[in-house]
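Student: Have a look at this prediction, sequence included:
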Amino acid sequence: MKSFHAGDYVSQGWYNSYHPNPINRNWLIDDMEIINLLSKADRVVGRLDMFSEYVPNIELFISMHVYKEATKSSNIEGTQTKMEEALLDEEDVPLDKRDDWAEVQNYIMAMDEAIGQLQTLPLSSRLIRDTHKLLMSGVRGKNKYPGEYRRSQNWIGGTSPTDAVFVPPVFGEIPELISDIENFIHNPLCDLPDLIKIALIHYQFETIHPFSDGNGRVGRLLITLYLVSRGVLKRPILYLSDFLESHRRSYYDKIMGVRFGDDVASWVKFFLEGVIETAEKGTNALNDIMILQREYEEEIKGMGSRSANALKLIDSLYQNPLVDIKRAALIIGQSFPTAGNLIENLTRKGILKEITGGKRGKKYVLSKYMNIFLK
């Protein structure tokens, strides 16, 4: 890694653009700190993946992880949507927040679709472009060529390329640079560990900035997609956006450190630290969920004839922990009064919590469960 020269600025006449060097090359890891971090990261990711095998109905909980990831990734780009708001139906979102809400929903849709596509498509330029198309459909940036690589110069910070913080490569170089990433992903002769490989891929993608908008979100999606495509994770349950959002300044500094100081090692260490912290939090969350499930089951046992409906309602709320009487009635297949009585009982037990404070249109949340994801 010490011998890697990340790239150079190239004159484009009235401004300079950055040209990154290929990453599909031979890499030598000779930094013991990286090796030790990699060893720990492999262990905690393996533990998370194994743990997910033993959690009943894991797909229900994955949806909440995706909601959290979508919210945090969008927050990095400046949206103000909170996770609680992302769970609302569109008609319940204030008009001034609907644009932000829609971007989060698109992120969720793009992630779900991309994970599904991995069953039949390799992780490739085509899949990346398809994901971007869904991500940008019908939201801010919808006129910036969704699903197509940019056709003009972009920049980060400043008012033009001349005073920008960073100017990515010119658009004519994008196909070759993306092809280099594809070759690196699928290079059978490259035995670089997957967690280091995706650290380099994420850095390179963000440096290329191949789209006119949405690059950060696609770049963070790539992390999970790569780990699933390589079999490091059986399910999409590791998401780094929470860590990156919490350490946003360091995130930008480490990436810039590669571009202008060739400091790949510091970026890889930062990335592995993020993987370790995120995987440990994920494992703890799954453990907390299993404990909470047992707690709910014990509480419900004392509800007599209402127990079956209570269990059916709570199982549904693991996927989206917000509910009102109308939705509860649909879930349990009973009348509004029956659903209302059930919600009242669960609220008295502290399982549900009323969050709107109004007399009409009340909404309730599976509060202890929701709090696991708000940590």
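Tutor: Yep, that arrived.
Student: which element follows the helix or strand containing residue 62 toward the C-terminus?
Tutor: Residue 62 belongs to helix 58-76 when assigned by DSSP states H and E. Following helix 58-76 in sequence order, the next helix or strand is helix 83-86 (DSSP H and E).
Student: Going by neighbour count, which residues in that following helix are buried?
Tutor: Buried positions in helix 83-86, judged by neighbour count with 16 or more other C-beta atoms under 10 Å: 83-86. All C-beta atoms are positioned from the backbone trio N, CA, C, and that covers glycine.
Student: again with stretch 321-338
Tutor: 321-325, 327-329, 331-332, 334, 338.
Student: likewise stretch 300-311?
Tutor: So stretch 300-311, judged by 16+ other C-beta under 10 Å, has buried residues 300, 303, 306, 309-311.
Student: For stretch 349-369, give me every contacting residue.
Tutor: 84, 92, 289, 292, 295-296, 299, 314, 317-318, 321-325, 343, 346-347 (C-beta atoms under 8 Å, 6 or more residues apart in numbering).
Student: scratch that, stretch 281-289
Tutor: 44, 47-48, 51-52, 55, 61, 65, 237-238, 242, 318, 369, 372-373, 375.
Student: Buried residues, stretch 7-16. List them.
Tutor: residue 7.
Student: Pull the residues that contact it.
Tutor: 17-21, 153, 160-162, 164, 167, 169-170, 207, 259.
Student: what's the answer for stretch 106-124, then?
Tutor: In contact with stretch 106-124 (C-beta under 8 Å, 6+ apart) are residues 66-67, 69-70, 73-74, 127, 130-132, 134-139, 182, 185-186, 217, 221-222, 224-226, 228-229, 236.
Student: same question for that stretch, mean pLDDT?
Tutor: For stretch 106-124, mean pLDDT is 91.
Student: So which of the contacts of stretch 106-124 are in helices?
Tutor: Mapping the contacts of stretch 106-124 onto helices (DSSP state H) picks out 66-67, 69-70, 73-74, 127, 130-132, 134-136, 182, 185-186, 217, 221-222, 224-226, 228-229.
Student: Please enumerate the helices of the stretch 201-350 of the chain.
Tutor: Assigned by DSSP state H, counting those that start in this stretch, the stretch 201-350 of the chain shows helices spanning 215-229, 241-246, 248-261, 264-301, 307-317, 325-332, 336-348.
Student: and the angle from the last one to helix 325-332?
Tutor: For helix 336-348 against helix 325-332, the angle by axes from the mean of the first three to the mean of the last three C-alpha atoms, to 10 degrees is 100 degrees.
Student: buried sites along helix 336-348?
Tutor: 338-340, 342-343, 345-346.
Student: now do stretch 232-248
Tutor: 232-233, 235-245, 247.
Student: Widest-spaced pair of those residues?
Tutor: For the buried residues of stretch 232-248, the maximum inter-member distance is 25.2 Å, found between 235 and 247 (C-beta to C-beta).
Student: Just the buried residues of stretch 267-287, please?
Tutor: Result for stretch 267-287 [16+ other C-beta under 10 Å]: buried residues 267-279, 281-283, 285-286.
Student: got it, and stretch 16-30?
Tutor: Taking 16+ other C-beta under 10 Å as the criterion, stretch 16-30 shows 17-20, 23-24, 27 as buried.
Student: now, among those, which is nearest to residue 201?
Tutor: residue 23 (7.3 Å).
Student: now the strand or helix carrying residue 113 and helix 215-229, what's the angle there?
Tutor: Assigned by DSSP H and E, residue 113 belongs to helix 98-117. Compare the direction of helix 98-117 with that of helix 215-229 by the same axes, to 10 degrees and you get 30 degrees.
Student: what angle sits between helix 98-117 and helix 58-76?
Tutor: Using the same axes, to 10 degrees: helix 98-117 against helix 58-76 is 130 degrees.
Student: now could you export just the CA positions of helix 98-117 as CSV?
Tutor: Only the C-alpha atoms of helix 98-117 are listed here, as CSV (Å, rounded to 0.1, in the frame of the first residue of the first chain):
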residue,chain,number,x,y,z
ARG,A,98,-42.1,14.9,2.0
ASP,A,99,-39.2,15.5,-0.4
ASP,A,100,-36.7,14.2,2.3
TRP,A,101,-39.1,11.3,3.1
ALA,A,102,-39.3,10.3,-0.6
GLU,A,103,-35.5,10.2,-0.9
VAL,A,104,-35.4,7.8,2.1
GLN,A,105,-38.1,5.6,0.6
ASN,A,106,-36.2,5.5,-2.7
TYR,A,107,-33.1,4.4,-0.9
ILE,A,108,-35.0,1.5,0.7
MET,A,109,-36.5,0.5,-2.6
ALA,A,110,-33.1,0.7,-4.4
MET,A,111,-31.5,-1.5,-1.7
ASP,A,112,-34.2,-4.1,-1.9
GLU,A,113,-34.1,-4.2,-5.7
ALA,A,114,-30.3,-4.4,-5.9
ILE,A,115,-30.2,-7.3,-3.3
GLY,A,116,-32.8,-9.1,-5.4
GLN,A,117,-30.8,-8.5,-8.6
